[in-house]
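Undergrad: Predicted model follows, preceded by the sequence.
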Amino acid sequence: RLDAMLQAIGAAVAADRTLGGLCDYLMVQAATTEPLTAEGAAVSRLALVEIVAVYGTSDPLN
């Protein structure tokens, strides 16, 4: 499931790197995965995905 979610995120970003015009460019870093285990539970993983939206504004406080 995690791999499918990461692939879906990648495909969505690749399809529209401007979020429909809301930003100038969307950058995604490679996901880092870590095991997420608890005693007696099924083995699972978590993923951290860094997404940076680049945009310009005439007023940096808004």
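TA: Done, it's in. Quick caveat, the model's predicted, so the values are computed rather than measured.
Undergrad: So which residues of the chain form helices?
TA: Listed in chain order, the helices of the chain (DSSP state H) span 2-15.
Undergrad: Could I get the pLDDT score of the residue of the chain positioned farthest from its centre?
TA: Among the C-alpha atoms of the chain, the one most distant from their mean position (CA atoms, centre = their mean) is that of residue 40, at 30.0 Å. pLDDT for residue 40: 79.
Undergrad: Go through stretch 1-18 and flag the buried ones.
TA: For stretch 1-18, the neighbour count (16 or more other CB atoms under 10 Å) marks residue 6 as buried. In short, each C-beta sits where N, CA and C put it, glycine included.
Undergrad: before we move on, what about stretch 25-33?
TA: In stretch 25-33, counting by 16+ other CB under 10 Å, buried: 26, 28, 31.
Undergrad: List the residue ranges of this structure that fall below the pLDDT cut-off.
TA: 62 (pLDDT under 70).
Undergrad: residue boundaries of the strands in it?
TA: 25-28, 32-36, 44-48, 51-54 (DSSP state E).
Undergrad: partners of the third one, with directions?
TA: Sheet neighbours of strand 44-48, with direction, are listed as strand 32-36 (antiparallel) (DSSP bridges).
Undergrad: Kindly report the same for the last one.
TA: Sheet pairing here is set by DSSP bridges, and for strand 51-54 it gives strand 25-28 (antiparallel).
Undergrad: who touches the strand it pairs with?
TA: Strand 25-28 has contacts (CB atoms under 8 Å, 6 or more residues apart in numbering) with 9-10, 13, 17-19, 49-54.
Undergrad: what do you get for stretch 50-62?
TA: 13, 19, 22-29.
Undergrad: give me that answer again for 7 Å
TA: Applying CB atoms under 7 Å, 6 or more residues apart in numbering, the contact partners of stretch 50-62 are 19, 23-29.
Undergrad: before we move on, back to that, would you mind saying which of the strands of the chain lies nearest residue 4?
TA: strand 44-48 (11.5 Å; CB to CB).
Undergrad: Give me the distance from that closest one to the chain's centre.
TA: 13 Å (CA atoms, centre = their mean, to the nearest Å).
Undergrad: cool, stretch 5-15 as well?
TA: With CA atoms, centre = their mean, you get 8 Å for stretch 5-15.
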